[in-house]
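K.L.:
Sequence first, predicted model second:
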Amino acid sequence: MEKQIKQVLPSTFAESIYRLDGKPFRLSDRHYLDPIYNGQIEEGLIMSGRQVEKSTTNSTHMANHTLLLENFKGLYFAPLTSQVKEFSNERLGKLYEYSNQDVIKKDYIDKHDSQAVFMKTIKKTNSTVYLKHCYGLGDNIRGITVNGIWGDEIQDIHIDALPVIKECQSHALEAGARMRVTWYTGTPKTFSNTIQQKWDQSSQNEWVVKCPHCGKYQIMGIKNLRPKQFVCRKCEMELPKMSIVNGFWLPLAPEKKLKGFRISQLMVPWITAEDIWSKYADNYSLDKFHNEVLGRSYENASKPFTPVMLGRISANNQRMFNRCEGEFANVPVYMGVDWGTGEKSYTVVSIYARNSNGKFQLLFIKRYAVGEELDPDYQINDICYMMQNYNVCLAVVDWGFGYDRYKKLQNIFGVSRVVACYYSFNQKLRKKYDLDQARWIVNRTQVMQEYVTSIQKEDILWPGADKSEFPWLYDHHLSEQAEYRKSEKTGRSEDLMYTHPEGQPDDALHSCVYAKLAEEIFRETGSGAIAFSGVDESERGGW
């Protein structure tokens with residue numbers, strides 16, 4: 001990577017060329033930023049408190065790459081369109097617009113260059129920056145090839161979106177600047193949040209300060225706070241500013257490729273001990289203080305499922321069924337399919353029907369996890385067998401990853417028996433039918449919340465006698481977390497989001513959600529066809 005960068009330290013270049021708020025850009029007393037600007041880091045993470053110049057660091061870092069590297073292609077993404085616009089206009093755009101002696105406009109940018117909100121180009125280096133939002137699972141970012149990725153506010157981005165976005169770098173070493181660099185930044189929330197999961201995978205660099213009085217090395221936190229000054233947690237003498245400024249980074253997991261840095265408000269030179277004490281003693285809740293001042297996670301997420309809850313719906317002697325017989329011989333049967341890659345996620349098929357007591361009973365569930373089961377053609381053939389064997393009246397299958405498999409099934413059984421489901425994070429309607437793609441689009445949070453409620457009310461029944469055959473069904477539910485994220489409309493933390501820790505899949509959960517959705521659609525339509533009650537009034541006229 002570094003061989004293509006001109007022989008000047010990126011931090012020196014930044015200070016020589018950029019202006020910030022009408023003044024020359026300076027990194028004085030910010031030694032903690034040295035490895036971020038000048039280190040040969042291919043993949044990095046900044047987990048920080050608020051107001052620690054995170055956006056400034058992102059913008060100067062990106063601008064350096066576009067001005068110092070030829071043919072560089074970069075991507076900036078954030079959860080909300082409003083955040084992207086603010087970064088583009090107020091941060092990156094102003095760096096290009098207001099440089100020392102207008103050197104960027106004179107020497108780098110041509111009048112034909114794009115300086116639009118969502119794309120900026122630099123003629124001298126033939127570099128391009130794309131700026132996009134990522135509120136859902138990153139589908140709108142697919143299809144571009146970039147060398148550099150900067151993901152901002154990733155605490156409000158679903159963990160499953162990051163691998164999708166990383167695919168934009170699959171040709172990075174052969175295209176553009178022929179290099180790859182990735183940075184994630186954000187402020188932590190809970191321990192199950194996206195940025196905490198990335199932090200757990202990182203080198204976890206902590207800023208260590210030495211007390212000039214007793215020689216104690218320490219990572220600053222609540223024990224260093226006093227109303228008027230920072231103190232050593234051992235001798236309780238004052239920690240002077242320059243001791244904090246001249247600290248050093250200590251990696252707690254140095255072997256990790258992802259280099260993580262935690263920056264708290266206690267480290268930065270412009271926030272005083274008095275200000276921080278006021279936040280701690282008077283103004284901030286404990287979770288907000290940990291998140292926004294210390295840059296640490298604080299657990300306030302809830303678990304939608306508990307072992308006791310799942311134990312109640314499987315406290316029976318029921319077994320799975322090899323075919324529909326007895327009370328299930330002549331009742332509607334529903335299937336849910338969640339596709340997996342066979343690596344960190346697996347294809348799961350669940351089959352449900354209403355029993356004589358009105359419970360939504362799990363008749364059969366299967367995970368394709370080993371050997372030939374991982375082959376897509378094997379899965380299609382097996383699902384076709386189950387469709388016939390259980391006389392499934394409607395199957396709802398995941399539209400995303402397994403699009404080709406879904407189309408094969410629909411070609412075999414028709415739209416009346418197989419229909420796709422696409423999760424939306426911000427759709428107002430609970431569900432609607434997309435004629436162009438022949439799929440149902442559902443509000444992800446709403447349908448998952450209703451499924452959670454069904455289990456809480458014990459409307460769902462799992463076969464208790466066979467639960468040892470599918471322990472992963474319980475694991476996939478217990479891994480789920482419910483927390484609040486920023487609203488796309490207001491920017492406030494008010495939208496509920498269901499997520500799961502990376503490496504702890506929830507495929508079986510979504511398979512069950514799809515089966516429950518299949519019952520709802522079939523009861524409304526008699527097939528997988530369109531229900532007028534689920535679409536906008538304005539869309540009805542053409543049918």
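P.N.:
Ah, there it is.

K.L.:
Now do the buried residues in stretch 174-185.
P.N.:
Across stretch 174-185, burial judged by 16 or more other C-beta atoms under 10 Å covers G176, A177, R178, M179, R180, V181, T182, W183, Y184, T185. (Glycine included, C-beta is placed from N, CA and C.)

K.L.:
try stretch 279-289
P.N.:
K279, Y280, Y284, F289.

K.L.:
Can you pull up the most central residue in this protein?
P.N.:
Residue closest to the mean C-alpha point of the chain, counted by C-alpha atoms, centre = their mean, is H158 at 2.4 Å.

K.L.:
Low-confidence regions, the stretch 401-543 of the chain specifically.
P.N.:
484-494, 527-543 (pLDDT under 70).

K.L.:
how close does the residue sitting furthest away from the middle of the chain get to F425?
P.N.:
Residue farthest from the centre of the chain, counting by C-alpha atoms, centre = their mean, is G326 at 44.9 Å. Plainly put, G326 is 41 Å away from F425 if you go by C-beta to C-beta, to the nearest Å.

K.L.:
what helices or strands is the helix of greatest length in the chain leaning on?
P.N.:
Ranked by residue count under DSSP state H, the longest helix found in the chain is helix 507-525. When contacts are defined as 3 or more C-beta pairs under 8 Å, 6 or more residues apart in numbering; DSSP states H and E, helix 507-525 packs onto strand 333-338, strand 347-354, strand 360-368, strand 394-398, strand 418-424, strand 439-443, helix 444-456, helix 471-478.

K.L.:
Contacts for the fourth one next, please.
P.N.:
Identification of contacts with strand 394-398 by C-beta atoms under 8 Å, 6 or more residues apart in numbering yields 332, 334-339, 383, 387, 405-406, 409, 413, 416-421, 440, 510, 514-515, 517-519, 521-522, 527-528.

K.L.:
Just the buried subset of the residues you listed, please.
P.N.:
The buried subset of those (16+ other C-beta under 10 Å) comprises 332, 334-339, 383, 387, 405-406, 409, 413, 417-421, 440, 510, 514-515, 517-519, 521-522, 528.

K.L.:
any idea how far I154 lies from L435?
P.N.:
Distance from I154 to L435, by C-beta to C-beta: 34 Å.

K.L.:
of these two, who's got more company?
P.N.:
I154 (26 against 12; other C-beta atoms under 10 Å).

K.L.:
List the contacts of the more buried one.
P.N.:
Neighbouring residues of I154 by C-beta under 8 Å, 6+ apart: L162, Y184, T185, G186, T194, I195, K198.

K.L.:
switch the cut-off to 10 Å
P.N.:
I154 makes contacts with 45, 47, 77-79, 134, 161-162, 184-188, 193-195, 197-198, as judged by C-beta atoms under 10 Å, 6 or more residues apart in numbering.

K.L.:
what's it sitting at in phi/psi?
P.N.:
phi -70, psi -10 (degrees, to the nearest 10).

K.L.:
Throw the buried residues of stretch 174-185 into TSV and include pLDDT, secondary structure and distance to L69, thanks.
P.N.:
Formatted as TSV, these follow (pLDDT from 0 to 100; DSSP: H, G, I helix; E, B strand; the rest coil; distance: C-beta to C-beta, whole Å):
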residue	pLDDT	secondary structure	distance to L69
G176	89	coil	9
A177	91	coil	5
R178	94	coil	10
M179	94	coil	7
R180	95	coil	12
V181	96	strand	10
T182	97	strand	15
W183	97	strand	15
Y184	97	strand	20
T185	97	strand	20
